[in-house]
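Colleague: sequence and predicted structure below; questions after.
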Amino acid sequence: MDLPPQASTMTPSTHPVNSTPPTPPPPPRGFPFAAILIFIVVAALLIGGFFVVRQILKATQKPQTVTLTYWGLWESESIIKPLIEEYQSAHPDVKINYIFQSPREYRERLQNALSQSKGPDIFRIHNTWVPMFKTDLSPIPSDVYSASAFESAFYPVAKSDLRLGPNYVAVPLEIDGLAMYVNDSLFSDAGLTPPTSWEELRRTAIDLSVCDSENGTCSSGDKILVSGVALGTADNVDHWPDILATLMLQNNVNLNSPAGRPAEEALQFYTIFNRSDHLWDSTLPNSTQAFAGGKLAIYFAPSWRVFDIQSLNRQLKFSVHPLPQLPLDPARGEKPITWATYWAEAVNAKSPYQKQSWDFLKFLTSSSSLQKLYQTASLTRAFGEPYPRGDMADQLKTAPYVGAYVSQAPSARSWYLASDTYDGPTGINSLLSKYFADSINSVNQGRSATEAVQTLNTGVNQVLSRYGLAPSLPAANP
């Protein structure tokens, strides 16, 4: 007999008999600090190694030589060469190619080269040329001369002349201007001393003049044998523009707009030596030749004319003195006014080596370099360039020939009426000189000073407007 099935006493399995055991859960995920740290260390080593190798290669490579082209004027290569060699010795990666330029057509030649991007890195300009070169001039970096350092180093006139907007754009290697040369023998024989005022100068000039008249005094039509002073004309008085400009400035004339009685008085005084006193006329040789020949007692010129006179007549005994002055009223704050005309070094605004160029000019205008420049020049001529730095004035104030220029430098002014700058027929100096010469000739021919000054004012206005200089502003160099 079949028994009925019995219930199993075993607990049924929770997994099917043939199923795969479940995968254990993954361990908790953490941030891979170790891997990142290894990456950072490796990257740092690679980067550090790159810079170390780079520095080693850089140290073993010869630095690229920079060649600066320097257009010089007046100073021969033999004078500037010792300083160039000294600078190059301290800066082996800089080579300076100094090219001595002829003054003839120099301004046009320089400006043409600059306009074609073929100009030199460093070049010399006259202090009155800044308006003509304003787009070509690199500002002086503050680490070369800050504004305050520039103003404390150089004479005040440079502050007015060598500035464009907020920047100074050139550094002077010299100061020069106008001084009074006297023939020591003529003065000694007459028992006279150099005049200090213009009225005294006029009396002295009359006393020293000799003509072919019966009593030796000079009147219209007489031949002048010895002239007391070279003043009055515009054709044979060397540096007449500087002389006339000085007279006008001393008489409070605004040269940007010469007008009224002060300008007329200055023009009349300048011409009186020709038209009334008959101490000088156009039949005489130019004033430099007359003075060198011993036929002129008083002559006005910059310092470099000493070399011309000594070359023409080694036997001439002469001395150089400060300019005469008009009467001064200290109560009104009036001070002596003298004249400045000088040259300065500038850097091409398009030069790729402006930094190196200015660094060299900083070296060149240091006190020690200027002393060396002066000493080197003095080996071949009477003296070097008078120092442009006020802190060096005491070294030359009593020096023969140049002492007068240095003593006058703190009171010097300038303007665009400058002689012998070779700025060419279209230059600002030449254009203005033509109008001032016309005013002198007009008065000498009998026309009124009032009419001459009115015409002069119109001409000055035209020239200054051409160069973007507003005639209504105060004088260019107050």
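Modeller: Yep, it's here. Since the model is a prediction, treat every value here as computed from it, not as a measurement.
Colleague: for Pro388, which non-adjacent residue is closest in space?
Modeller: The shortest distance from Pro388 to any non-neighbouring residue, by CB to CB, 6 or more residues apart in numbering, is to Pro172 (3.9 Å). Where C-beta positions appear, they are placed from N, C-alpha and C, glycine not excepted.
Colleague: mind checking how far Leu328 is from Gly459?
Modeller: Applying CB to CB, to the nearest Å, the value for Leu328 to Gly459 is 30 Å.
Colleague: which one's more surrounded, those two?
Modeller: For Leu328 versus Gly459, the count of surrounding residues by other CB atoms under 10 Å is larger for Gly459: 17 against 14.
Colleague: helix, strand or coil for that one?
Modeller: Secondary structure for Gly459, judged by DSSP: H, G, I helix; E, B strand; the rest coil, is helix.
Colleague: which helix or strand contains the spatially closest residue to Asn286 that is not a sequence neighbour?
Modeller: Leaving aside its sequence neighbours, Asn286 sits nearest to Asn236 (CB to CB, 6+ apart; 4.7 Å). Counting by DSSP states H and E, no helix or strand carries Asn236.
Colleague: what sits against Asn236?
Modeller: Contacts for Asn236 (CB atoms under 8 Å, 6 or more residues apart in numbering) come out as Ala230, Ser282, Leu284, Pro285, Asn286, Ser287.
Colleague: distance of the residue nearest to Pro388 relative to Gly424?
Modeller: 22 Å.
Colleague: out of these two, which sits in the busier spot?
Modeller: Pro172 (24 against 18).
Colleague: quick one, strands of this protein?
Modeller: Using DSSP state E, the strands of the chain run over 66-73, 94-101, 122-126, 163-164, 167-168, 171-172, 179-183, 210-211, 224-229, 296-301, 318-321, 338-339, 343-347, 412-413.
Colleague: can you tell me what sits against stretch 326-342?
Modeller: Here stretch 326-342 makes contact (CB under 8 Å, 6+ apart) with 126-128, 155, 157, 161, 172, 174-178, 197-198, 242, 245-246, 249-251, 302, 322-323, 325, 388, 408-409, 411-414, 418-419, 421.
Colleague: same check, this time on stretch 282-293
Modeller: By CB under 8 Å, 6+ apart, stretch 282-293 touches 181, 183, 223-224, 227, 230, 233, 235-239, 296, 299-301, 305, 308-309, 312-313, 316, 318.
Colleague: which among those end up buried?
Modeller: Using 16 or more other CB atoms under 10 Å as the burial test, the contacts of stretch 282-293 include 181, 183, 224, 227, 230, 233, 236-239, 296, 299-301, 305, 309, 316, 318 as buried.
Colleague: break this structure down into its domains, please.
Modeller: Using automatic domain parsing, the domain parsing of the chain gives 66-176+341-412, 179-339+420-466.
Colleague: want to try JSON lines for those, with mean pLDDT as columns?
Modeller: Output for the domains of the chain, formatted as JSON lines (pLDDT from 0 to 100):
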{"stretch": "domain 66-176+341-412", "mean pLDDT": "97"}
{"stretch": "domain 179-339+420-466", "mean pLDDT": "96"}
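Colleague: what sits closest to Gln325 if chain neighbours are left out?
Modeller: Pro336 (5.2 Å).
Colleague: and that neighbour, how far from Pro330?
Modeller: Distance, Pro336 to Pro330, by CB to CB: 11 Å.
Colleague: name the nearest residue to the residue most central in space within the chain, ignoring sequence neighbours.
Modeller: Nearest to the mean C-alpha position of the chain, counting by CA atoms, centre = their mean, stands Ala344 at 2.9 Å. Distance criterion CB to CB, 6+ apart; nearest residue to Ala344, sequence neighbours excluded, is Ala170 at 3.9 Å.
Colleague: wait, that neighbour touches Trp343, no?
Modeller: No: contact criterion CB atoms under 8 Å: Ala170 and Trp343 do not qualify, at 9.1 Å.
Colleague: who has more neighbours, those two?
Modeller: Remark: of Ala170 and Trp343, Ala170 carries more neighbours, 26 against 21, as counted by other CB under 10 Å.
Colleague: can you pull the phi/psi pair for the more buried one?
Modeller: phi -160, psi 160 (degrees, to the nearest 10).
Colleague: who are the contact partners of it?
Modeller: Ile125, Val130, Leu137, Ile140, Leu162, Ala344, Glu345, Ala346.
Colleague: what's across from the first one in the sheet?
Modeller: I take that to be Ile125. Applying DSSP bridges to Ile125 gives these bridge partners: Ala344.
Colleague: quick check: it vs Leu326, distance?
Modeller: Counting by CB to CB - Ile125 and Leu326 are separated by 31 Å.
Colleague: next: the fourth one.
Modeller: Ile140 sits 36 Å away from Leu326 when distances are taken as CB to CB.
Colleague: same question for the last one.
Modeller: Ala346 sits 35 Å away from Leu326 when distances are taken as CB to CB.
Colleague: neighbour count winner among these two?
Modeller: Shown here are Ala346 and Leu326; by other CB under 10 Å, Ala346 has more neighbours (24 against 19).
Colleague: now the more buried one: closest residue in space that isn't a chain neighbour?
Modeller: What sits nearest to Ala346 in space, not counting adjacent residues and going by CB to CB, 6+ apart, is Ala170, at 4.2 Å.
Colleague: cool, Ala297 as well?
Modeller: Leaving out its chain neighbours, the residue that sits closest to Ala297 by CB to CB, 6+ apart is Leu208, at 4.2 Å.
Colleague: separation between the one you found and Ser407?
Modeller: Going from Leu208 to Ser407 by CB to CB gives 24 Å.
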